[in-house]
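Could you look at this predicted model? Sequence included:
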Amino acid sequence: MTLLSVGHLKKEYRSKIKNNTVVALADVSFDVEKGEFIAIMGESGSGKSTLLNCIATLDKPTSGNIALNNQNLTQLSEKKLAAFRRDHLGFVFQDFNLLDTMSVADNIYLPLVLAKNTKGKEQKLNSLATQLGIQDLLNKYPYELSGGQKQRVAIGRALVTNPDILLGDEPTGALDSKNSAEILSLFEKYNQQQQTILMVTHSALAASHARRVLFIKDGKVFHQIYRGNRTEQEMLLTINDAMTNILGGIV
Ligand SMILES: Nc1ncnc2c1ncn2[C@@H]1O[C@H](COP(=O)(O)OP(=O)(O)OP(=O)(O)O)[C@@H](O)[C@H]1O
């Protein structure tokens, strides 16, 4: 079943000062099936974050369509978009974006509180905390945590509303290799439970955990690799080959 459909997406940024235009996305089209785990790769400036921000409804495309569950997001009002983000999307960022003035538990509760949907919140928190291995951190504050711990909390906050899709912008970008591996195996675990995930990354190693990798170049989807039956190691080699042969090795 198609969950997300991106059609002929174009995004131009106009510079008011220099009066020039940057085409961040020229013509991007792809579909995401429910339960997929997709990594988006491309060299710096290729438009990965722009694409993710348009899907996240944080940025407006110049033209084209984005539909989630057949609902066209490019036509929703600002007010409806805020509710849409809250109810349907989960976000994980490179720099965690936790609120330092709130405990770990309250950070995870926050999306439920904003949605006025706090029924059963303790049970949801406890279940996530067990899966994420953060039971002992719930009364701590984000500034007391390591990067890996912060990202596990951020995943809890992203998933507490059962979002249709989990969006990650370089979710392992600020982590060392051990913590990156832990976060990626959590992504894989949730994906095995049918959580749809779309993640932007520079890292071939991170992308090798995904089931499909899309390469963005010249503002378009230039190439894609399905993992199929490849092991992570085989997928990593395939991604590295693609980066060398197709993108010139500069992702
Ligand atoms: N708000 C903005 N105003 C003007 N130009 C922008 C803006 N945001 C992005 N751009 C330009 O759009 C292009 C794509 O940027 P984007 O951040 O999406 O790339 P990226 O692939 O995520 O890069 P990186 O990997 O370095 O984060 C770049 O040329 C960038 O300079």
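Structure's in. What do you need?

Could you pick out the residues of the protein near the ligand for me?
13, 22, 24, 42, 44, 45, 46, 47, 48, 49, 50 (C-beta under 6 Å from any ligand atom). For glycine as for every other residue, the C-beta is placed from the backbone atoms N, C-alpha and C.

how far does stretch 169-189 sit from the chain's center?
The chain centroid and the centroid of stretch 169-189 are separated by 12 Å under C-alpha atoms, centre = their mean, to the nearest Å.

Using CSV, write out the CA atom coordinates for that stretch.
Taking Å, rounded to 0.1, in the frame of the first residue of the first chain, the C-alpha atoms of stretch 169-189 are listed here in CSV:
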residue,chain,number,x,y,z
ASP,A,169,17.5,14.2,9.2
GLU,A,170,21.0,12.8,9.8
PRO,A,171,19.9,11.0,13.0
THR,A,172,23.3,9.5,13.6
GLY,A,173,25.3,12.6,12.4
ALA,A,174,26.3,13.7,15.9
LEU,A,175,27.0,10.2,17.3
ASP,A,176,30.1,8.0,17.5
SER,A,177,30.1,4.7,15.7
LYS,A,178,28.9,2.6,18.7
ASN,A,179,25.9,4.9,19.4
SER,A,180,25.1,5.2,15.7
ALA,A,181,25.0,1.4,15.4
GLU,A,182,22.6,1.3,18.4
ILE,A,183,20.3,3.9,16.9
LEU,A,184,20.3,2.2,13.5
SER,A,185,19.5,-1.2,15.1
LEU,A,186,16.6,0.5,16.9
PHE,A,187,15.4,1.9,13.6
GLU,A,188,15.6,-1.6,12.1
LYS,A,189,13.7,-3.1,15.1
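
Can you list the neighbours in contact with that stretch?
37, 49, 52, 91-96, 131-132, 146-148, 151-152, 155, 166, 168, 197, 199-203, 205-206, 209 (C-beta atoms under 8 Å, 6 or more residues apart in numbering).

for stretch 82-96, same thing?
56-58, 68-69, 71, 73, 76, 97, 111, 114-115, 142, 147, 150-151, 153-155, 157-159, 161, 163-171, 173-174.

Dig out what residue 199 forms beta bridges with.
residue 39, residue 168 (DSSP bridges).

And the pLDDT for it?
As predicted, residue 199 sits at a pLDDT of 97.

Touching, it and residue 48? I think so.
No. Shown here, residue 199 and residue 48 do not form a contact pair, counting by C-beta atoms under 8 Å, at 10.0 Å.

Touching both of those two, which residues are there?
Common neighbours of residue 199 and residue 48 (criterion: C-beta under 8 Å, 6+ apart): residue 40.

can you count the residues close to the closest residue to residue 145 other than its chain neighbours?
Spatial nearest neighbour of residue 145, chain neighbours left out: residue 137 (6.4 Å); criterion: C-beta to C-beta, 6 or more residues apart in numbering. By other C-beta atoms under 10 Å, the residues close to residue 137 number 22.

just residue 70 next, same as before
When counting by other C-beta under 10 Å, one arrives at 8 neighbours for residue 70.

From the ligand, how far off is it?
Per C-beta to the nearest ligand atom, to the nearest Å, residue 70 is found 26 Å from the ligand.

how close does that residue get to residue 164?
For residue 70, the distance to residue 164 (C-beta to C-beta, to the nearest Å) stands at 12 Å.

ok, now residue 127?
Remark: distance between residue 127 and residue 164 (C-beta to C-beta) = 19 Å.

roughly how far is the one helix or strand residue 10 maps to from the heart of the chain?
Using DSSP states H and E, residue 10 sits in strand 2-14. Taking C-alpha atoms, centre = their mean, one finds the center of strand 2-14 at 16 Å from the center of the full chain.

And for stretch 5-16?
Per C-alpha atoms, centre = their mean, the centroid offset for stretch 5-16 relative to its chain is 19 Å.

I am finished for the moment; much appreciated.
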